[in-house]
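**Student:** Need a 3D model of the following:
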Amino acid sequence: MPQPVNLKLKAIQHIGIPVTNIKVSESFYHNLGFENVMQSGFMHNNEEGICIMMRQGNIVIELYQMPLEELAAIAVRKDGHIDHVAFDVDDIDATFSVLSAAGYHIIESAPMQLNFWKNGCKYFNMLGPDGERLEFNQVL
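**Tutor:** Next up, the predicted model:
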């Protein structure tokens, strides 16, 4: 069992939702008052996916469409699906060190960088006791 840690989490940064049609999902959330504040492509198994961040006030939803190869698995699910909850942190490297030293199941070997937002972001994921994915994210 991992050791208890005292993390300074600022807020839930976003909730990640895999979608089968990014345009349909963007329109759906837009109709609920969300605005597309960031859009970027990403690579997965040498294929490109698309990610958009939809914001309303302090609420951010990450919608992402995986490359075609991965879409079939998303399309056959019976219930809705939240992929991960992301927490906003001030220092991603310190957070990674604290959780690593405490014995938590971290997926990445080090914080990863993405060219999302104006100056990019760094993140890593860990698994909870039931396999839930928790992302820790620092917007740079």
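**Student:** Now do the contacts for the closest residue to E108 other than its chain neighbours.
**Tutor:** Leaving aside its sequence neighbours, E108 sits nearest to F124 (CB to CB, 6 or more residues apart in numbering; 4.5 Å). C-betas here are computed from N, CA, C, even on glycine. Contacts here follow CB atoms under 8 Å, 6 or more residues apart in numbering; on that basis F124 touches I92, F96, I106, I107, E108, A110, P111, M112, E135, F136.
**Student:** got it, and K8?
**Tutor:** V89, D90.
**Student:** That one: which element?
**Tutor:** In this structure, K8 sits in neither a helix nor a strand according to DSSP states H and E.
**Student:** What count of nearby residues applies to the closest residue to G103 other than its chain neighbours?
**Tutor:** Using CB to CB, 6+ apart and skipping residues adjacent in sequence, the residue nearest G103 is P2, 4.0 Å away. Counted with other CB atoms under 10 Å, the neighbours of P2 add up to 13.
**Student:** So that it lines up with my notes, have the first residue be 53 from now on.
**Tutor:** Yep, numbering from 53; the last one is P54 now.
**Student:** Low-confidence ranges, this protein, go.
**Tutor:** Scanning the chain for pLDDT under 70 picks out 120-132, 181-182.
**Student:** need the strands for it, in chain order.
**Tutor:** 63-70, 87-96, 99-108, 111-117, 136-140, 164-166, 173-179, 185-191 (DSSP state E).
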